[in-house]
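Engineer: no sequence on this one, just coordinates:
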């Protein structure tokens, strides 16, 4: 029955949202568009983690994706669909790191110039990788928001095409291809846990998942230091933050997207937050037990499961490991945070 649902996705549409909408057929088209370039990342199980969590966990390893994160999916889908004048002056973007690499790689592959604005505290590894993929990098501001505002001003002067990291339907469609792969790899998923920054990843994935099977629970995870989507989803606190902080730099966004949030509101079942200690614990577990060094944003969904904050009780739980571009110099800091926070967890000690 579920695979019949999958076949229908080519022609099925999400409901209209404020006059705009994301179509599941666009996610399927993006999947076909990306096939020659992106990796079909594995959906891994771990007997150790299954025992710790008391349920079956399936890790979607986007840390093994080209450029080290899922972001290449949305960036490449957007850039390969550009035509005519949209290509003439190259592309410009703002990013905390992973989108930058995805845009740089995709633009170079398409023969386009790319200029990327990144926060001043972006990990050096992400800056160097972005330059290595062929982009010009400008470091500015405390967070993504300041880098974004600088990039928008530059775009207005140069006429380059802006590639938004999340608030764009073609970008969301590219990110939604992760969900399509996951249900092909495990047709019995009943819960999927997804990290949330601006919301492009969860919007695209939730649209696909809920149209595939409305009974699948979709849970978003934010950092306690950047809970804009959490606040807006729960109807509490500020939905536009003055400051953000934490070790999950990939999801430290001050404001949720205007296009992403209607999809989040419609299709996501819950949004939770995790602390830096929670995230660090997940990073260290992944490193020690699975020999995978993932970044803070990439560990956030697993952190929500480990800490019990996601409240998963399903038999087949998908966890999106969104990226692996971690800073090696911070391993000792992550270890200290994990040690300080391990007593909070209902799992075996480190």
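Structural biologist: Noted; the coordinates are in hand. The structure displayed is predicted, hence computed values, not measured ones.

Engineer: please enumerate the strands of the stretch 151-300 of the chain.
Structural biologist: 161-162, 191-195, 217-223, 270-274 (DSSP state E, counting those that start in this stretch).

Engineer: tell me the predicted confidence for the nearest residue to residue 239 once chain neighbours are set aside.
Structural biologist: Closest residue in space to residue 239, ignoring its immediate chain neighbours: residue 232 at 3.9 Å, by C-beta to C-beta, 6 or more residues apart in numbering. The C-beta positions use only the backbone N, C-alpha and C, and glycine is treated the same way. pLDDT, residue 232: 97.

Engineer: quick one: low-confidence parts of the stretch 1-150 of the chain?
Structural biologist: Filtered on pLDDT under 70, the stretch 1-150 of the chain yields the residue ranges 1-20.

Engineer: pretty sure residue 44 is in a strand, no?
Structural biologist: Yes: counting by DSSP: H, G, I helix; E, B strand; the rest coil, residue 44 is found in a strand.

Engineer: show me what contacts it?
Structural biologist: Residue 44 makes contact with 58-59, 61, 290, according to C-beta atoms under 8 Å, 6 or more residues apart in numbering.

Engineer: residue 254 now?
Structural biologist: Residue 254 touches 143-145, 226, 228, 240-244, counting by C-beta under 8 Å, 6+ apart.

Engineer: show me which of those residues are buried.
Structural biologist: Using 16 or more other C-beta atoms under 10 Å as the burial test, these include 143-145, 226, 228, 241, 244 as buried.

Engineer: got the angle for the longest helix along the chain vs strand 217-223?
Structural biologist: Assignment by DSSP state H gives helix 169-185 as the longest helix of the chain. Inter-element angle recorded for helix 169-185 and strand 217-223: 120 degrees (by axes from the mean of the first three to the mean of the last three C-alpha atoms, to 10 degrees).

Engineer: residues of stretch 203-217 that come out buried?
Structural biologist: Neighbour-count burial for stretch 203-217, counted by 16+ other C-beta under 10 Å, picks out 203-213, 216-217.

Engineer: with stretch 114-131 instead?
Structural biologist: Quick answer for stretch 114-131 (16+ other C-beta under 10 Å): 114-119, 122-123, 125-127, 129-130.

Engineer: ok, stretch 305-318 next?
Structural biologist: 305-307, 309-310, 312, 316-318.

Engineer: returning to what we had before: now the buried residues of stretch 114-131 in CSV, with secondary structure?
Structural biologist: Converted to CSV, the buried residues of stretch 114-131 look like this (three-state DSSP):
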residue, secondary structure
114, strand
115, strand
116, strand
117, strand
118, strand
119, coil
122, coil
123, coil
125, helix
126, helix
127, helix
129, helix
130, helix
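
Engineer: nearest to residue 273 among the residues you listed?
Structural biologist: The shortest approach to residue 273 among those belongs to residue 119, at 20.8 Å (C-beta to C-beta).

Engineer: you'd agree residue 101 is up against residue 137?
Structural biologist: No: counting by C-beta atoms under 8 Å, residue 137 is not a contact partner of residue 101; they are 10.5 Å apart.
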